[in-house]
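**Q** My questions are about this predicted structure, shown below with the sequence.
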Amino acid sequence: MGRVSTRLLTAAAQAPSGHNAQPWKFVAEGQRVRILPDLSRRLPAVDPDDHALFISLGCALENLVVAARGEGYNAEVDDTSLVGENSEIRVHLQPSETEDRHEDRLYAAIPERQSTRRTYDGRPIPSADLRRLDDASRRDGTGFHLFTDPGRIEPLIELVEEGNRRQFSDPAFVEELVAWIRFNPREVEGRKDGLTHAVMGLPSIPRWLGRFVMRKLVTPGSQARSAARAIRSSAALMLFTTDRAHPRGWVDLGRSFERVALTATTLDIRQAHMNMPCEVPTLREELRWHLGLGDAHPLLLLRIGYAKPMPRSPRRPLEEVLVKGSP
């Protein structure tokens with residue numbers, strides 16, 4: 001592949017994903033890129049229906065589209081093949097004669113975007129910037145909801161706390177989470193994926209000690225209280241929903257989220273997932289009822305605000321996610 005195409009794929013692979021599992025593969029064929037799910041990187045405990053996996057593919061797709069425009073291409077997306085295990089997204093690139101400075105800013109934000117898992121400083125976000133996030137979210141079939149009023153946020157905190165308690169009381173969830181934590185630099189360097197100790201604000205420790213801490217000392221109650229403190233330090237919550245509970249709807253939700261995340265990055269606004277009530281099916285239904293969402297499915301809940309950046313999550317080398325020819 002040429003230099004331009006390599007930059008585009010690198011940008012796509014910088015997308016966020018659950019547990020930083022990076023569940024994607026790319027096939028480059030001339031001016032066409034195919035994005036495929038890597039089902040070997042599924043998260044069956046936290047994401048049994050793979051909706052988060054396809055949201056991650058949508059994030060990778062949006063990065064690719066933004067990067068293509070930044071490199072002087074139009075990106076024509078064909079997502080009609082998003083069906084089950086044989087799903088794929090096809091993107092055809094064509095040279096463009098127009099420039100879009102806004103897309104250039106989003107392109108520059110791709111390597112800067114991160115999930116910032118620390119306490120925020122509590123400052124409110126200006127209304128004009130909240131409107132820019134809302135504008136960035138616009139996508140057919142995808143809903144975007146902002147919560148800045150503490151009176152509306154507190155009931156959502158209760159659902160987040162309950163989600164934490166249920167998840168950390170589930171041995172399968174804890175075991176899957178521990179498997180994706182990289183407890184020391186050696187593990188980070190060897191795997192280049194997962195949730196690193198630095199990203200989570202933890203010290204470097206041996207895996208045996210990390211497993212002991214996660215299984216014995218990290219309790220459902222402590223995680224619930226930590227999540228509540230994190231939200232109360234933030235300026236707002238944002239929720240993404242979809243009217244379509246299938247891969248194409250999930251991919252579109254991912255595209256909406258990533259565009260909002262990149263826009264937030266250009267505004268120096270941090271974000272971090274508080275997705276627990278969306279990951280527990282009964283709490284997801286309670287969240288939908290509480291907010292009066294009708295047939296819309298709430299799938300991503302995040303806190304936003306201002307804070308210093310944290311270390312960035314690693315990414316696997318491009319050659320590990322690039323498939324030559326038909327996979």
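**A** Great, that's in hand. On a predicted model such as this, the values are computed, not experimentally measured, just so you know.

**Q** Now do the strands in the protein.
**A** Listed in chain order, the strands found in the chain under DSSP state E are 24-29, 32-37, 73-78, 89-95, 142-147, 181-182, 195-196, 236-242, 270-273, 297-305, 322-323.

**Q** so which of the ones you listed comes closest to residue 114?
**A** Residue 114 lies closest, by C-beta to C-beta, to one member of the strands of the chain: strand 270-273, at 7.8 Å. The C-beta positions use only the backbone N, C-alpha and C, and glycine is treated the same way.

**Q** Show me the one of the strands of the chain that comes nearest residue 222.
**A** Of all the strands of the chain, strand 181-182 comes closest under C-beta to C-beta, at 16.2 Å.

**Q** other SSEs contacting the closest one?
**A** Here strand 181-182 touches strand 195-196, going by 3 or more C-beta pairs under 8 Å, 6 or more residues apart in numbering; DSSP states H and E.

**Q** and the strand it packs on, what does it pack onto?
**A** strand 181-182.

**Q** Which residues does the strand it packs on contact?
**A** 188, 191, 193, 194, 195, 196, 197, 200, 210, 214 (C-beta atoms under 8 Å, 6 or more residues apart in numbering).

**Q** Closest to residue 107 out of those?
**A** residue 193 (23.8 Å).

**Q** wait, what's in contact with the closest one?
**A** 20, 21, 22, 180, 182, 314, 315, 316.

**Q** Just the buried subset of those residues, please.
**A** Burial by neighbour count, judged by 16 or more other C-beta atoms under 10 Å, picks out 20, 21, 22, 180, 182, 314, 315 from these.

**Q** can you tell me which of those residues are in helices?
**A** If you go by DSSP state H, the buried ones among the contacts of residue 193 have residue 180 in helices.

**Q** biggest separation within the buried ones among the contacts of residue 193, which pair?
**A** 180 and 315 (14.6 Å).

**Q** before we move on, the earlier item: would you turn the strands of the chain into a markdown table with mean pLDDT and distance to residue 254?
**A** As requested, these are arranged in a markdown table below (pLDDT from 0 to 100; distance: least, C-beta to C-beta, whole Å):
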| stretch | mean pLDDT | distance to residue 254 |
| --- | --- | --- |
| strand 24-29 | 94 | 11 |
| strand 32-37 | 95 | 11 |
| strand 73-78 | 93 | 12 |
| strand 89-95 | 93 | 11 |
| strand 142-147 | 98 | 9 |
| strand 181-182 | 98 | 23 |
| strand 195-196 | 98 | 19 |
| strand 236-242 | 98 | 9 |
| strand 270-273 | 98 | 13 |
| strand 297-305 | 98 | 9 |
| strand 322-323 | 91 | 20 |
